[in-house]
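below: sequence and its predicted model.
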Amino acid sequence: MEKNSNIEMITGDPKKAINKLSVPIIASMFLIFANNIIDSIWVAGLGAEPLAALGYITPLFMILVGFGNGLGAGGNSLISRYIGAEDKHSANNAAIHNLILSLIFSIAISIIFLALMKPMLLMMGASDVLNYAMDYGFIIFIWTFAILMPPIVGGAFRAEGDIKRATVPIALAAIINMILDPIFIYTLNMGIQGAAWATALGPFISLLLMFYWIFVKKDTYLSYNIKDFHNDLKMYKDILVVGIPASLEQLVLSVLTIFVNYMLTIVSGPVAVAVYTAGWRIVNIGMLPAIGVGTAAISVAGVAFGAKKYENLRVTARYAVKVALIASIIVCIILNIFANQIVFIFSYSENSANLAPLIAGFLQLMCLFILYVPFGASAGNVFQGVGKGTISFILTAFREFILVLIFAYLLGFTFNMGEFGIYCGMLLGGGIGSLICYGCIELYINKLIKSQHPAN
């Protein structure tokens, strides 16, 4: 199998590969979340109700993003394993299968979300801001393909170690969104609909750039030529075995957000939802270093597994946690110290100035959640890298549905602690669940190593 510098990097020292892959991935993820948080910043100027409407749409939007990231992880995992096994023909074929799946899922998800959006919003308790939420959501879900496909195609680029092409389009999308948001929302007086159009057009242009590299310039390591394609149902299955559970992990997180929004609506109303919407987006940005390192581990773990280098798999898991934890501690300290300054971005107008102290208080407490993420994210992504997406999903579902949700309900309602109790429950459940997840990946890797050296 002919190799370029990217392939040599990803098949070499796991620590060096993680270092080289993770920084651009973190940057691209930051820009992905920037697309989301920029909407919040500009919409906050319209008042608490439009911002709350954005909060109700956010879980649905994140389901969409989750399918893109999940299928991207599935393609990344399969292609990486073929590259590790030095089977380039199968890697090419897997990349084409990955692209086909992205088209199928884009069409299906768009139809489903447009049909069910209104009843889902009403079920979430968004009746007071339904018109705002519908105006934003309809535009977003019409453009499902533009939002869903870039992370899927980017997963193939990451698998071949071409991190530049996986990140540049995301940067372009964020820049376009930043430019268009104030123009559409305020200059053209489109309000919350303008935010939706800006969010959709950025990824669309980035997708066109990806297609230019693949089908016009044709200088990617993986080939998308029709002569490399041989329809193989097993490849679809192998991508989905990782991709669907990985997508469902985001669904679990989004459904959890729906439940949290609902609980907050009961105890405090739309203002609490607005505070949670703004504050949690900042916390999500704080999680990006850990999530980025974990995402880099998918490719590195897949290559190590495909090459049957299980010691490298152990190095990948442990090093990913170490690097991510150091970064997370630094981020947590920064968010806690500068909470009051950070929240100004959501409270710069008279309509939203009253939210500032509430969001700051939320941020100073919930930044602790960031400290647990390295353990769960790194372990889950290594499971995905070796093709065990179902295990990762089960662990995530257990953490969020059984631990986080139950503790949040118990402290918030049973112990009558209100908003504070809901947040403390999320911290307690998330911490316990993440440590359990990491323990499982250590046990799994130990089992692989022992099976390779039974005498030991």
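Sure, I can see it.

relative to residue 106, how far out is residue 364?
Using C-beta to C-beta, to the nearest Å, one obtains 40 Å as the distance from residue 364 to residue 106. For every residue, glycine as well, the C-beta is placed using N, CA and C.

more neighbours, these two?
Comparing residue 364 with residue 106 by neighbour count (other C-beta atoms under 10 Å), the higher total belongs to residue 106, at 22 against 16.

what's the separation between the more buried one and residue 210?
Remark: distance between residue 106 and residue 210 (C-beta to C-beta) = 14 Å.

what of residue 441?
Counting by C-beta to C-beta, the gap from residue 441 to residue 210 is 32 Å.

of these two, who's got more company?
Under the criterion of other C-beta under 10 Å, the comparison of residue 441 against residue 210 puts residue 441 first, with 30 against 22.

which residues touch the closest residue to the more buried one other than its chain neighbours?
Nearest non-adjacent residue to residue 441, counting by C-beta to C-beta, 6 or more residues apart in numbering: residue 379, 3.9 Å away. Counting by C-beta atoms under 8 Å, 6 or more residues apart in numbering, residue 379 makes contact with 317, 321, 392, 395, 437, 438, 440, 441.

I figured the third one hits residue 249, correct?
Spelled out, that is residue 392. Yes. Here residue 392 reaches residue 249: they are 6.6 Å apart, a contact under C-beta atoms under 8 Å.

pull up the overlap in contacts between the two.
residue 380.

show me which positions of stretch 302-319 end up buried.
302-307, 309-310, 312-319 (16 or more other C-beta atoms under 10 Å).

more neighbours: which of residue 392 and residue 249?
Counted by other C-beta under 10 Å, residue 392 and residue 249 do not tie: residue 392 has more neighbours, with 28 against 25.

wait, what's in contact with the more buried one?
245, 246, 249, 379, 380, 381, 383, 384.

with residue 180 instead?
194, 197, 198, 201, 202.

out of those residues, the closest to residue 116 would be?
residue 197 (22.1 Å; C-beta to C-beta).

does that closest one touch residue 190 like I think?
Yes. Look at residue 197 against residue 190 with C-beta under 8 Å: they come within range, at 7.0 Å.

for the nearest residue to residue 102 once chain neighbours are set aside, the count of nearby residues, please.
Computed as C-beta to C-beta, 6+ apart, the closest residue to residue 102 that is not its neighbour in sequence is residue 152, at 4.1 Å. Residue 152 has 29 neighbours, counted by other C-beta under 10 Å.

quick one, grab the pLDDT at residue 68.
pLDDT, residue 68: 87.

run through the residues that contact it.
With contact set as C-beta under 8 Å, 6+ apart, residue 68 has these partners: 102, 147, 148, 149, 150, 151, 152.

quick check: closest non-adjacent residue to it.
residue 151 (3.9 Å).

just say helix, strand or coil for the one you found.
Secondary structure, DSSP: H, G, I helix; E, B strand; the rest coil: residue 151 is helix.

please apply the same query to the one 4 residues further on.
Here residue 155 is recorded as helix under three-state DSSP.

correct me, but it touches residue 75?
Yes. Using C-beta under 8 Å, residue 155 is in contact with residue 75, at 4.6 Å.

list residues touching both of these two?
residue 98.

which ones are touching residue 141?
Residue 141 makes contacts with 60, 64, 110, 113, 114, 117, as judged by C-beta under 8 Å, 6+ apart.

so what's the residue nearest to residue 102 scoring on pLDDT?
Per-residue pLDDT puts residue 152 at 89.

can you map out the helices along the stretch 101-250 of the chain?
Applying DSSP state H, counting those that start in this stretch to the stretch 101-250 of the chain gives helices spanning 130-142, 144-159, 163-182, 192-211, 233-267.

ok, now the stretch 301-450 of the chain?
310-337, 339-342, 356-366, 373-385, 389-397, 405-409, 418-452.

can you add mean pLDDT and distance to residue 266 and give those back as TSV?
Below are the helices of the stretch 301-450 of the chain laid out as TSV (pLDDT from 0 to 100; distance: least, C-beta to C-beta, whole Å):
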stretch	mean pLDDT	distance to residue 266
helix 310-337	95	27
helix 339-342	88	26
helix 356-366	91	17
helix 373-385	93	28
helix 389-397	91	24
helix 405-409	92	11
helix 418-452	93	10
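
pick the most buried one from those.
When you average the neighbours per residue for each of the helices of the stretch 301-450 of the chain (mean count of other C-beta atoms under 10 Å), helix 373-385 leads with a mean of 29.

one step back: show the buried residues in the contacts of residue 141.
Buried members of these, counted by 16+ other C-beta under 10 Å: 60, 64, 110, 113, 117.

how close does the closest residue to residue 134 other than its chain neighbours sit to residue 141?
The shortest distance from residue 134 to any non-neighbouring residue, by C-beta to C-beta, 6+ apart, is to residue 118 (6.5 Å). Per C-beta to C-beta, residue 118 is found 12 Å from residue 141.

and residue 161, by the same measure?
33 Å.

what comes up buried for stretch 41-48?
41, 42, 43, 44, 45, 46, 48.

between these, which is closest to residue 237?
For the buried residues of stretch 41-48, the nearest to residue 237 is residue 43 (41.0 Å; C-beta to C-beta).

the helix or strand hosting the closest one to helix 356-366, inter-axis angle?
Using DSSP states H and E, residue 43 falls within helix 14-44. Helix 14-44 and helix 356-366 are oriented at 160 degrees to each other (axes from the mean of the first three to the mean of the last three C-alpha atoms, to 10 degrees).

average pLDDT for helix 14-44?
Rounded mean pLDDT across helix 14-44 is 79.

filter the contacts of residue 180 down to just the buried residues.
194, 197, 198, 201, 202.

reformat these as JSON lines; add pLDDT and distance to residue 284.
Formatted as JSON lines, the buried ones among the contacts of residue 180 follow (pLDDT from 0 to 100; distance: C-beta to C-beta, whole Å):
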{"residue": "194", "pLDDT": "92", "distance to residue 284": "23"}
{"residue": "197", "pLDDT": "93", "distance to residue 284": "23"}
{"residue": "198", "pLDDT": "91", "distance to residue 284": "19"}
{"residue": "201", "pLDDT": "92", "distance to residue 284": "23"}
{"residue": "202", "pLDDT": "89", "distance to residue 284": "18"}
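
what are the contacting residues of stretch 396-411?
With C-beta under 8 Å, 6+ apart as the criterion, stretch 396-411 contacts 248-249, 252-253, 255-256, 259-260, 263, 376, 380, 417, 421-426, 428-430, 432-434, 436-437.
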